[in-house]
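# Give me a model of this one.
(one chain, ligands or ions: 2)
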Amino acid sequence: MFDLNVLHQQLREHVKRNMAPDDIKAAHREFSYLGHAKVSFVAPDSVKKAVADEVNVLIDQAGTRRDLRFAETDYTPRRMRNVTRAEIASLGTVISSIYTAEPILRMLSEVAGEPVHPCPYEPEQFVITCLEKDGDTHGWHWDDFAFALVWVIECPPVEHGGFVQCVPGTIWNKQRPGINRALVRRPIYSMELFPGDLYLMRTNTTLHRVTPVRQGRRKITNMGYASTADLTRNLTHETMDQLWATAPTTEV
Ligand SMILES: O=C(O)CCC(=O)C(=O)O
Ligand SMILES: [Fe+2]
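Ligands and ions are numbered 1, 2, ... in the order given. The predicted model follows:
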């Protein structure tokens with residue numbers, strides 16, 4: 001059991017001691033051009049370890065297998081084990097507490113170049129996903145809210161798949177997603193990630209996926225955040241509601 005006060009103290013000290021304005025500036029530049037940037041510097045190793053330990057316990061305790069496809073994203077496959085926000089909040093302590101930590105929100109806002117807010121729709125605040133079987137993948141999709149902060153806990157080498165690809169500057173039309181059209185029209189960026197990495201993505205206008213895992217395992221926790229514009233928009237949540245539904249379903 002981690003002492004949350006100690007973790008928050010370590011986070012504050014990390015930001016005070018290691019605040020490198022150049023890292024944030026570089027990440028901001030990359031984020032504005034490419035819709036994503038590595039931000040592994042936002043948390044110290046102690047906090048990353050506490051998050052990783054909780055992810056590992058919760059996957060074993062509450063992970064549910066999903067195998068789904070949605071019309072709203074052209075039936076791209078989602079094959080994974082996941083743990084919902086409700087399960088994380090009731091069975092764990094670290095992830096739900098770090099989610100709203102002020103130093104993290106402040107750094108993310110600097111990287112994004114605009115305020116980053118906790119998500120007003122609870123089920124999309126944080127989730128855990130584990131790709132563990134040959135062919136497991138989080139297929140091409142957009143998210144409902146503007147930002148995602150992904151903590152990489154475990155990840156196979158790129159040779160075995162499970163890396164992130166994205167197409168920034170794309171808009172999600174839920175009636176006509178046009179994913180293949182977006183893929184041939186614009187460049188696809190691929191990202192190599194290692195355990196302990198974090199990245200921030202503008203997920204509502206950056207089409208993204210995790211390529212199928214062939215060997216090994218990939219574990220992450222994804223924290224979703226809202227832009228100021230999201231707070232006043234009337235968003236719908238079809239794909240997320242089905243993906244994280246309490247009873248797993250294979251309907252489309
Ligand atoms: O696993 C990742 O790196 C991305 C996860 C993701 O896109 C999501 O949970 O919506
Ligand atoms: Fe996503």
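
# three-state assignment of the residue in the chain positioned nearest to ligand 1?
Proximity of the chain to ligand 1 (CB to the nearest ligand atom) peaks at residue 222, 3.9 Å away. Using the backbone N, CA and C atoms, a C-beta is placed for each residue, glycine as well. Counting by DSSP: H, G, I helix; E, B strand; the rest coil, the backbone at residue 222 sits in strand.

# residue contacts, it?
Going by CB atoms under 8 Å, 6 or more residues apart in numbering, residue 222 touches 126, 127, 128, 129, 148, 149, 150, 151.

# Buried ones in stretch 65-77, by neighbour count?
By neighbour count on 16 or more other CB atoms under 10 Å, the buried set for stretch 65-77 is 66, 68, 69, 70, 72, 73, 74, 76, 77.

# Straight-line length of it, end to end?
This stretch, stretch 65-77, spans 13 Å end to end (CA to CA, to the nearest Å).

# For it, report the contacting residues that lie outside it.
With contacts defined as CB under 8 Å, 6+ apart, stretch 65-77 is touched by 78-82, 137, 139-142, 172, 174, 177-180, 209, 238-239, 242-243, 248-250, 252.

# again, but for stretch 168-187
Contacts of stretch 168-187 (CB under 8 Å, 6+ apart): 33-36, 72-74, 76, 140, 142, 167, 189, 202, 204-207, 236, 238.

# Stretch 97-115 too?
4, 7-8, 11-12, 14-15, 24, 27-28, 31-32, 37, 39, 42-43, 47, 50-51, 116-118, 125-126, 147, 149, 200, 202, 223, 225, 227-228.

# Just the ones in helices from these, please.
4, 7-8, 11-12, 14-15, 24, 27-28, 31-32, 47, 50-51, 228 (DSSP state H).

# from what I can see residue 54 touches residue 96, true?
No. Counting by CB atoms under 8 Å, residue 54 does not reach residue 96; the two are 9.4 Å apart.

# Give me the common contacts of those two.
residue 88.

# Between those two, which is the more surrounded one?
Higher neighbour count among residue 54 and residue 96: residue 54, with 23 against 18, using other CB atoms under 10 Å.

# Quick check: pLDDT value at that one.
Residue 54 is assigned 98 on the pLDDT scale.

# mind listing what it touches?
88, 92, 93, 94, 95.

# for the helix or strand containing it, which positions count as buried?
Here residue 54, judged by DSSP states H and E, is contained in helix 45-62. Within helix 45-62, the residues scored as buried using 16+ other CB under 10 Å are 46, 47, 48, 49, 50, 51, 52, 54, 55, 58, 59, 62.
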